[in-house]
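Q: Below are the sequence and a predicted model for it; my questions follow.
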Amino acid sequence: MVVVGGGLAGVAAAIAAARLDRRVALINNRPVLGGNSSSEVRVWVCGATAHGNQRWARENGIIGELYLENQYRNPDGNPIHWDDVVLDAVRAEPNISLYLNTDVRDVAATGPEGARRIESVTGWTMGAETETRFVAPVFLDCTGDGLVGHLSGARARLGKESRVEFDEDWAPEEAERTFLGSTLLFYTKDVGHPVRFVAPDSAKSILETPIPSSRIIRSGDSGAHYWWIEWGGELDIVHDNERIRDELRSVILGIWDHIKNSGEFDADNLDLEWIGNVPGKREYRRLVGDYTLHQRDIIEQTRFDDGVAFGGWSIDLHPKEGMYSTGAGAVQRFSNGVFEIPFRSLYSADVENLFMAGRDVSATHIAFGAARVMATCAAMGEAAGTAASLALAHHTSPRGLYENHREELRQLLLRQDAPLIGVADTDPQNLAASARVTASGVRAGLGPSEAASVRPHPLEHDLGIVVPVHPRLDGFDLRVTAEHDVDLEVEVWSTGLPQNVVPEHLEHAVTVAVTAGQAQWVHAPVRWEPQAPANAVVVVRARPGVSVFVADELPPGILTLVHTSDADDQNVQVSLDELLVQWPTKPLRGRSVQFRVPTPSEALAPERAVGGYQRPFGGPNLWASAPLAEGDAWLRLDWEQPVVAREVVLVFDDDPDVELNTLHHHRDPHLVMPSLVEAYRVEAQTAGAQEWVEVAVVTQNRRRRRRHPLPEGLGAISAARVVVTATHGAPEARIVAFRVQE
């Protein structure tokens with residue numbers, strides 16, 4: 001197959017298909033991979049975490065692997081090192097042939113309008129002066145601009161739809177051909193001595209623009225902090241690209257002249273280190289698929305029978321005037337949790353062998369505002385590459401794959417640990433589903449351990465403690481201290497959808513008497529029994545003079561919400577109507593309130609690692625062992641009748657609540673996620689034998705998903721187990737999935 005476009009969507013698509021034994025030509029018109037995230041443009045890779053606003057939302061799959069590798073190799077967020085993280089991931093796949101600096105200029109397509117088929121694409125490799133014709137049965141347009149679709153005659157949308165077309169209240173009354181603009185970024189450096197700046201003739205005087213009064217300028221900021229240096233929304237983003245670049249560069253030079261020479265900033269020792277020359281495009285063509293994602297799909301979090309990826313970024317719309325607008329640089333509206341992206345938005349409605357992923361997917365302008373960020377594009381790319389491989393296996397079209405094999409596609413994505421939500425493992429080839437599951441032990445309790453150090457936290461705001469409920473919640477104990485006798489209100493709220501962790505519907509409320517004095521445990525007799533495993537938010541209402549206790553330990557499946565307003569960027573106007581914004585985790589991220597749940601919970605039981613969702617969804621969906629300080633932890637599968645298997649697949653907990661931005665907008669101090677298993681061994685027991693056969697011994701693991709082929713000649717097995725001896729910091733072993741493939 002042929003993948004055109006080497007941004008993160010194209011990279012993920014190519015890797016996904018190559019891992020399924022497809023030969024892939026990956027064509028990129030730039031010298032480096034990564035698209036807008038590359039060192040040429042230097043936009044940080046945002047995704048469903050939405051800079052920490054969404055919870056348990058970081059993508060797994062191929063983009064998740066890149067995140068983890070970048071965290072380990074590139075803790076300072078150097079864009080040059082990120083280039084090599086992406087390049088190494090592509091070069092590690094022998095089935096990928098990479099063509100850099102190769103610009104596709106011609107597409108040969110045949111057939112009538114509405115049922116065309118691409119035969120080949122032709123590219124010109126700069127420098128090498130080589131023209132290459134690429135012939136394949138399927139093509140993936142990951143160009144961002146929808147170039148392959150355009151040249152093949154595929155229908156596309158440009159600009160903003162009218163409000164009535166998709167019933168979108170954020171859309172304009174009348175359709176208009178305006179866009180999100182393009183951006184250039186710049187880097188600065190403290191050189192340790194005074195350095196002057198003589199503005200070139202091309203520098204624009206920003207005092208003659210609205211910029212100084214409508215945007216926040218700080219001398220210490222650089223890079224993607226200046227995302228708002230944006231322009232071109234009223235032009236043609238592609239055909240006016242050079243004009244847009246020149247205007248953006250003139251404004252950067254003008255901003256730097258203002259910082260250095262106005263006398264308003266402490267910038268004597270700062271110098272310009274880098275200015276981009278490739279505009280980072282946000283929007284152009286959106287190819288039309290069999291389904292067009294729209295605003296209500298984002299806000300209402302529509303469930304699709306062909307959901308193959310997810311997003312979580314806000315509907316993020318920018319003024320068409322860009323940096324010259326007198327209003328906010330962006331207006332944002334969040335859903336209350338991650339949203340699904342359907343497979344039908346990832347293939348062309350009228351070109352029979354064309355898939356697409358990234359900025360050119362089938363979406364309205366409004367929905368595109370949430371789906372366009374790069375980690376989400378990569379998630380779509382992995383889904384499209386996987387789907388293309390499966391379509392080839394079944395000798396069918398993308399539409400035929402949807403009509404006849406969409407559940408098989410979702411199971412294949414889950415098997416590959418791709419980022420999708422709400423899909424449980426029903427893979428008939430996963431032999432673990434028919435096994436009896438046992439373990440060395442289970443983590444005692446849901447709250448922080450008794451050994452955790454705690455400190456008082458004044459109850460100045462309502463707190464929400466997210467707790468997994470399986471099978472029921474029957475009481476809640478909280479450690480508090482009070483300056484005077486007081487009644488404390490404690491409530492249990494359900495979250496609406498299984499992926500959400502905001503208080504949406506009140507289930508039960510009680511009032512608890514707290515006496516003045518030293519720290520004490522109080523019991524709140526709140527109750528809730530959901531029909532299926534679910535997240536509950538236990539809300540403790542604010543009370544002056546009362547403190548709870550907070551631990552730096554965050555147990556699996558637990559989060560702490562604070563009822564307060566939160567805003568990261570003064571250049572952004574955020575809609576405050578959404579529960580997600582009203583209940584942020586950021587004030588107490590990584591910490592938990594000291595609490596106990598008196599009734600036994602199955603939320604972390606061994607069975608949760610078999611046949612589950614492989615992501616937080618109505619609970620953490622993992623097994624958590626007893627503390628490793630008490631001895632090695634093991635998870636075991638036993639079959640009544642011996643089975644013949646080819647490999648063991650393990651998925652470990654990489655803490656998807658932590659944002660791992662490529663350029664480290666929010667820094668995490670860990671090179672490797674502490675929740676990941678570091679050292680383990682995999683063993684199997686053959687039929688009738690008592691001894692364990694060693695399948696694999698792994699030390700210094702830093703990956704979420706590991707595959708271990710069973711030895712040739714092993715024969716049928718009656719049992720398999722994984723024995724964990726160390727983690728990267730978590731006190732217990734955490735296993736998200738234990739699969740044994742037929």
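A: Structure received.
Q: SS state for the closest residue in space to Gly729 that isn't next to it in sequence?
A: Leaving aside its chain neighbours, Gly729 sits nearest to Pro674 (2.9 Å; criterion: C-beta to C-beta, 6 or more residues apart in numbering). For every residue, glycine as well, the C-beta is placed using N, CA and C. When the structure is reduced to helix, strand and coil (DSSP: H, G, I helix; E, B strand; the rest coil), Pro674 reads as coil.
Q: cool, Tyr72 as well?
A: For Tyr72, the reduced secondary structure class is helix; criterion used: three-state DSSP.
Q: shaky segments in this protein?
A: Applying pLDDT under 70 to the chain flags residues 566-568, 664-665.
Q: domain assignment for it?
A: The chain breaks down by automatic domain parsing into domains covering 2-158+286-415, 182-275, 431-442+604-741, 454-596.
Q: Serialize the ones you listed to TSV and add fields for distance to Ala171 and mean neighbour count.
A: As requested, these are arranged in TSV below (distance: least, C-beta to C-beta, whole Å; neighbours: other C-beta atoms under 10 Å):
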stretch	distance to Ala171	mean neighbour count
domain 2-158+286-415	6	23
domain 182-275	15	17
domain 431-442+604-741	29	19
domain 454-596	15	18
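Q: Relative to Asp167, which of the ones you listed is closest?
A: Nearest to Asp167 among these is domain 2-158+286-415 (6.9 Å), distances taken as C-beta to C-beta.
Q: The closest residue to Ile275 other than its chain neighbours and Pro606, how far apart?
A: In space, not counting the residues next to it along the chain, Ile275 is nearest to Phe186; the distance is 4.6 Å by C-beta to C-beta, 6+ apart. Here the distance between Phe186 and Pro606 works out to 53 Å (C-beta to C-beta, to the nearest Å).
Q: those helices in the stretch 301-450 of the chain, which residues are they?
A: With DSSP state H, counting those that start in this stretch as the criterion, the stretch 301-450 of the chain has helices at 365-371, 374-394, 398-415.
Q: Can you work out which other helices and strands pack against the longest one?
A: Secondary structure elements in contact with helix 374-394, counted by 3 or more C-beta pairs under 8 Å, 6 or more residues apart in numbering; DSSP states H and E, are helix 8-19, helix 61-73, strand 139-141, strand 307-311, strand 339-342, strand 354-356, helix 365-371, helix 398-415.
Q: all strands in the stretch 601-742 of the chain, in order from the N-terminus.
A: In the stretch 601-742 of the chain, the strands defined using DSSP state E, counting those that start in this stretch lie at 623-627, 633-643, 647-652, 677-686, 693-698, 705-709, 717-727, 732-741.
Q: before we move on, what about the stretch 1-150 of the chain?
A: 2-4, 24-27, 96-99, 102-110, 117-125, 130-135, 139-141.
Q: Please convert the ones you listed to JSON lines, extending it with distance to Ala716.
A: Conversion of the strands of the stretch 1-150 of the chain to JSON lines gives the following (distance: least, C-beta to C-beta, whole Å):
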{"stretch": "strand 2-4", "distance to Ala716": "40"}
{"stretch": "strand 24-27", "distance to Ala716": "36"}
{"stretch": "strand 96-99", "distance to Ala716": "36"}
{"stretch": "strand 102-110", "distance to Ala716": "50"}
{"stretch": "strand 117-125", "distance to Ala716": "46"}
{"stretch": "strand 130-135", "distance to Ala716": "44"}
{"stretch": "strand 139-141", "distance to Ala716": "40"}
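Q: Which residues are in contact with the closest residue in space to Glu483 that isn't next to it in sequence?
A: Distances taken as C-beta to C-beta, 6+ apart put Gly545 closest to Glu483, at 3.8 Å, once the chain neighbours are dropped. Listed by C-beta atoms under 8 Å, 6 or more residues apart in numbering, the contact partners of Gly545 are Ala482, Glu483, His484, Val486.
Q: One more: Val107?
A: Val107 makes contact with Ile118, Ser120, Val121, Thr122, Val148, Leu151, Ser152, according to C-beta under 8 Å, 6+ apart.
Q: Most widely separated two among the residues you listed?
A: Using C-beta to C-beta, these span at most 12.4 Å, a distance reached by Thr122 and Ser152.
Q: need the strands of the stretch 601-742 of the chain in TSV with distance to Leu561, can you?
A: As requested, the strands of the stretch 601-742 of the chain are arranged in TSV below (distance: least, C-beta to C-beta, whole Å):
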stretch	distance to Leu561
strand 623-627	22
strand 633-643	30
strand 647-652	26
strand 677-686	28
strand 693-698	36
strand 705-709	30
strand 717-727	26
strand 732-741	22
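Q: and the closest residue to Glu602 other than its chain neighbours, how far is that from Ile315?
A: With C-beta to C-beta, 6+ apart as the criterion, Glu602 has its nearest non-adjacent residue at 4.8 Å, and that residue is His470. As judged by C-beta to C-beta, His470 and Ile315 stand 33 Å apart.
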